[in-house]
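Novice: return atomic coordinates for the entry below.
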Amino acid sequence: MKKKFVLLTVVAIVAALSLSVALAGCTTVDMSKAGPEEIKAYGKLVVATSPDFPPFESLDDAGNIIGWDIDVAKALAEKLGVELEIRSMEFDAVLSSVAAGKVHMGMAGISNTAKRDESVDFSMNVFDSSQMIIVRADNTSINGPMDLAGKTVAVQSGTIGNWLADMDEDYAYETNDADETVAILGQPATVTKLSSGMMAIQQVKNGQADAVILDKLPAQTIVESLNKEGGAQLKILETSVYDDAYAFAIGEGNSSLKAWIDQALAELEKDGIIDELNAKWFGSEE
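Specialist: Next up, the predicted model:
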């Protein structure tokens, strides 16, 4: 009986340990409130991105995520003395992952807007951008934003371009000198929403859409790449639809992380690191 009692005791201990390990594996960490000290203790800076937005983030030939945002993320992780973990996802999921505390930051060429600020907070603005129109090179019917009326417009889902094409009241309208609310672009007949800017522009190239609304630098990078492959089939109109600015997304109310990021970015600027990255990814320090 004594041996049986010892055996049962050992079995009970092993079962308890197994249960505790299983429960530990189910434990999730809410990263939305983590400040710099908590991130240091965690040992990793976890960043969400969508690698379909060159030159801010994209995949190289080996499948590695590269880009301006990624290099800045590496510099921030180095300042914290922690590893960098990049989590790849579609753009639509980046901000929701930040809001849900699944990551510390979102870095994906994210425009800092009042609508997005309702669910997350933002660092200081890091990059000025514009929403541009891309059409086929032989298109003569679309010469500006108002010419999108009645057309088929392809966009990357969840972006400013998406909201503009959907005629969202917060983006597609402005107040003129007569205090009247007027549209800043013609209302498309159809809006095709896709998971990446590249897929949207491919729709125009293939004749499935009349135009794309996309951020300026990704538009330039993608159009240049596609034109190099198949001739000058695409062009970007000179007139922008909407001007905005990018920032890094963090958890709502996370003032300690915001203050640290803003200070770290100021230091990277002072040390010339930002200029180096601008020259590396955009061919200019500006």
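Novice: buried ones in stretch 59-71?
Specialist: Buried residues in stretch 59-71, counted by 16 or more other C-beta atoms under 10 Å: I65, I66, G67, W68, D69, I70, D71. Just so you know, the C-beta spots here come from the backbone N, C-alpha and C atoms, and that holds for glycine as well.
Novice: contacts only, for the closest residue to the first one other than its chain neighbours.
Specialist: Put plainly, it is I65. Closest residue to I65 apart from its sequence neighbours, by C-beta to C-beta, 6 or more residues apart in numbering: P51 at 4.6 Å. Neighbour list for P51: E57, S58, L59, I65, G67, S88 [criterion: C-beta atoms under 8 Å, 6 or more residues apart in numbering].
Novice: please repeat the previous calculation with a cut-off of 10 Å.
Specialist: With C-beta atoms under 10 Å, 6 or more residues apart in numbering as the criterion, the residues that contact P51 are 57-60, 63-67, 69-70, 86, 88-89, 91, 108, 196.
Novice: just put the buried residues of stretch 59-71 in CSV and tack on pLDDT, secondary structure and distance to Q202.
Specialist: Output for those, formatted as CSV (pLDDT from 0 to 100; DSSP: H, G, I helix; E, B strand; the rest coil; distance: C-beta to C-beta, whole Å):
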residue, pLDDT, secondary structure, distance to Q202
I65, 98, strand, 21
I66, 98, strand, 21
G67, 97, coil, 20
W68, 98, helix, 23
D69, 98, helix, 23
I70, 98, helix, 24
D71, 98, helix, 27
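Novice: of all those, which comes closest to A249?
Specialist: The closest of these to A249 turns out to be D69 (C-beta to C-beta; 11.3 Å).
Novice: next up, the contacts around the closest one.
Specialist: D69 neighbours (C-beta under 10 Å, 6+ apart): 47, 49-51, 53, 55-57, 86, 105-110, 126-127, 246, 248, 277, 281.
Novice: one more time with 8 Å
Specialist: For D69, the contacting residues are T49, F56, E57, M107, A108, G109, by C-beta under 8 Å, 6+ apart.
Novice: name the SS class of the fourth one, please.
Specialist: Under DSSP: H, G, I helix; E, B strand; the rest coil, M107 falls in the strand class.
Novice: separation between the nearest residue in space to it that is not next to it in sequence and F127?
Specialist: If the residues on either side of it in the chain are set aside, M107 comes closest to D69, at 4.1 Å by C-beta to C-beta, 6+ apart. According to C-beta to C-beta, to the nearest Å, D69 stands 9 Å off from F127.
Novice: could you do S50 as well?
Specialist: Plainly put, S50 is 16 Å away from F127 if you go by C-beta to C-beta.
Novice: the more surrounded of those two?
Specialist: Higher neighbour count among S50 and F127: S50, with 27 against 20, using other C-beta atoms under 10 Å.
Novice: quick one: pLDDT of that one?
Specialist: The per-residue pLDDT reported for S50 equals 96.
Novice: any low-confidence regions in this protein?
Specialist: Residue ranges of the chain with pLDDT under 70: 1-27, 284-286.
Novice: let's check: the centremost residue of it is which one?
Specialist: A108 (2.3 Å; C-alpha atoms, centre = their mean).
Novice: what about it, distance to N227?
Specialist: Separation of A108 from N227 (C-beta to C-beta): 25 Å.
Novice: G272 too?
Specialist: 33 Å.
Novice: who's more crowded, these two?
Specialist: For G272 versus N227, neighbours defined as other C-beta under 10 Å are more numerous around N227 (15 against 10).
Novice: phi and psi next, for the nearest residue to the more buried one once chain neighbours are set aside.
Specialist: In this structure, N227 finds its nearest non-sequential neighbour in L234, 5.8 Å apart by C-beta to C-beta, 6+ apart. Dihedral pair for L234: phi -130, psi 150, per degrees, to the nearest 10.
Novice: which residues touch L234?
Specialist: Contacts for L234 (C-beta under 8 Å, 6+ apart) come out as I134, V135, R136, A137, I201, V204, K205, V223, L226, N227.
Novice: got JSON lines for these, with distance to E252 and secondary structure too?
Specialist: Shown next, in JSON lines, are the contacts of L234 (distance: C-beta to C-beta, whole Å; DSSP: H, G, I helix; E, B strand; the rest coil):
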{"residue": "I134", "distance to E252": "34", "secondary structure": "strand"}
{"residue": "V135", "distance to E252": "38", "secondary structure": "strand"}
{"residue": "R136", "distance to E252": "42", "secondary structure": "strand"}
{"residue": "A137", "distance to E252": "44", "secondary structure": "coil"}
{"residue": "I201", "distance to E252": "33", "secondary structure": "helix"}
{"residue": "V204", "distance to E252": "37", "secondary structure": "helix"}
{"residue": "K205", "distance to E252": "39", "secondary structure": "helix"}
{"residue": "V223", "distance to E252": "36", "secondary structure": "helix"}
{"residue": "L226", "distance to E252": "38", "secondary structure": "helix"}
{"residue": "N227", "distance to E252": "41", "secondary structure": "helix"}
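Novice: great, nothing more from me.
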